[in-house]
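In: have a look; sequence and predicted model below, questions after that.
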Amino acid sequence: MAANNKLTKRQCDTLKGPKRFSDGGGLYLQVTASNTKSWLFRWGAGGKNKIGLGPYPEISLADARDLARECR
């Protein structure tokens, strides 16, 4: 992960799961055990509330950041 906790496109392409990877500000790339990837936005106390923003790479990193900004 980059030192500033921001994902890069290359990381998004190569990360393996199952795991959630933070881009900061409540935006996560969720990677399943079969390496299917999708964007999540989490908010509220402890990030209990969440909304799916769409699949990666159909929703690009830049688009996911824009959607998360709108959600905030």
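Out: Here it is on my side, so go on. Numbering: from 1, shown residues only.
In: give me the pLDDT value at the residue of the chain positioned farthest from its centre.
Out: What lies farthest from the middle of the chain is Ala45; by C-alpha atoms, centre = their mean that is 18.4 Å. The model reports Ala45 with a pLDDT of 85.
In: try the one 5 residues further on
Out: At Lys50, the predicted lDDT confidence score is 94.
In: would you mind finding the longest helix in the protein?
Out: As assigned by DSSP state H, the longest helix anywhere in the chain is helix 61-71.
In: what mean pLDDT does that helix get?
Out: Rounded mean pLDDT across helix 61-71 is 97.
In: what helices and strands are in contact with that helix?
Out: In terms of contacts (3 or more C-beta pairs under 8 Å, 6 or more residues apart in numbering; DSSP states H and E), helix 61-71 is packed against strand 19-24, strand 27-31, strand 37-43, strand 49-56. Glycine gets a C-beta too; all of them are placed from N, C-alpha and C.
In: quick one: contacts for the nearest residue to Ala33 once chain neighbours are set aside?
Out: In space, Ala33 comes closest to Pro18 once its chain neighbours are excluded; the distance is 4.5 Å by C-beta to C-beta, 6 or more residues apart in numbering. Residues in contact with Pro18 (C-beta atoms under 8 Å, 6 or more residues apart in numbering) are 31-33.
In: how about those in TSV, adding distance to Asp63 and neighbour count?
Out: Formatted as TSV, those follow (distance: C-beta to C-beta, whole Å; neighbours: other C-beta atoms under 10 Å):
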residue	distance to Asp63	neighbour count
Val31	18	19
Thr32	20	12
Ala33	25	9
